[in-house]
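[1] would you be able to build a 3D model of this:
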Amino acid sequence: MTLIRFFFILLHLINSIFLMKRHIVNKFDKKKLPLLPRVVFPGKIIVVVSEEAASLAVDFLLTQKILGIDTETRPSFTRGKIYKVALLQVSTYDTCYLFRLNVLANSPSVKRLLEDTTVPKIGLSLHDDMHSLSKRMTFKRGWFIDLQDIIVNLGIEDKSLAKLYANIFGERISKREQLSNWEADVLGQKQMKYAATDAWVCINIYEEYLRLIETGDYELEIVPEEEKETAQNEKETAQQETTLTRTETAVDEQTLSGADTAITA
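    Residues are numbered from 1 along each chain as shown. The predicted model follows:
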């Protein structure tokens, strides 16, 4: 058992024994997001740019109990110009592999990972990810679990990753790097941290979801109807979240250098 995994189990035990039930709301107020402390992936990040390295990475990943996944695509600021998915990030509890698909292209190893049916892969809005990946390669979808499909069982109506994590854990996922160039020759440290965090938090949300469903150790607050966002406001909220550019605190910037990174050729 890794130190990080032990830490999360210990937190859950403390929460169950000494603290009140977890308080969640059906609709999280987006205005509270900038006020929350920032969460950043604390583990090792490995960038994969060759088929040999991809094969070794997938061999390791398929020995794990659970995986978190996400993808990134270079944003287009020209009408009619659409880029293919550039990055597939796959995280364990303490290690995240960043597969640079714009370099690996139609990787047999990545295909093997996507078609695997032995290890659950947790993500959010997986329909979009699967569609993007299918533009890179043909594959038969393996074992994937979409958080949007199950989180409703807790009474949560939010669909964005940032709101879900803030609602359940009271921490903020920075989205500053989402619109950066994911096809750059070399990914920046902030890009790698951002990508790894998005995949890793999916594991945290899923395991906490399972705990809450099993124990009932939560209380759901229903936001009064007049306080809910309209459908148009919800759309605007999603757009705002993807372009969040608030100045990060000094603590946040120090956290960025906290994890190990490596590039495997």
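[2] residues contacting residue 147?
    Applying Cβ atoms under 8 Å, 6 or more residues apart in numbering, we find residue 147 in contact with 122, 123, 124, 161, 164, 202, 205, 206, 209. All C-beta atoms are positioned from the backbone trio N, CA, C, and that covers glycine.
[3] residues in contact with the first one?
    Contact partners of residue 122, counting by Cβ under 8 Å, 6+ apart, are 66, 67, 68, 69, 144, 145, 147, 202, 203, 205, 206.
[4] after the helix or strand it falls within, next one along is what?
    Assigned by DSSP states H and E, residue 122 belongs to strand 121-123. Per DSSP H and E, the first helix or strand lying C-terminal to strand 121-123 is helix 126-134.
[5] just checking: what are the partner strands of the following helix or strand past that next one?
    Downstream of helix 126-134, the next assigned helix or strand under DSSP H and E is strand 144-146. In the sheet, strand 144-146 lines up against strand 121-123 (parallel) (DSSP bridges).
[6] so which residues of the stretch 101-250 of the chain form helices?
    Along the stretch 101-250 of the chain, counting by DSSP state H, counting those that start in this stretch, helices occupy 101-104, 108-115, 126-134, 147-150, 161-169, 189-215, 231-242, 250-255.
[7] just send those helices back as CSV, with distance to residue 175 and mean pLDDT too.
    Formatted as CSV, the helices of the stretch 101-250 of the chain follow (distance: least, Cβ to Cβ, whole Å; pLDDT from 0 to 100):
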stretch, distance to residue 175, mean pLDDT
helix 101-104, 21, 97
helix 108-115, 25, 98
helix 126-134, 16, 97
helix 147-150, 17, 98
helix 161-169, 6, 98
helix 189-215, 8, 97
helix 231-242, 6, 50
helix 250-255, 13, 44
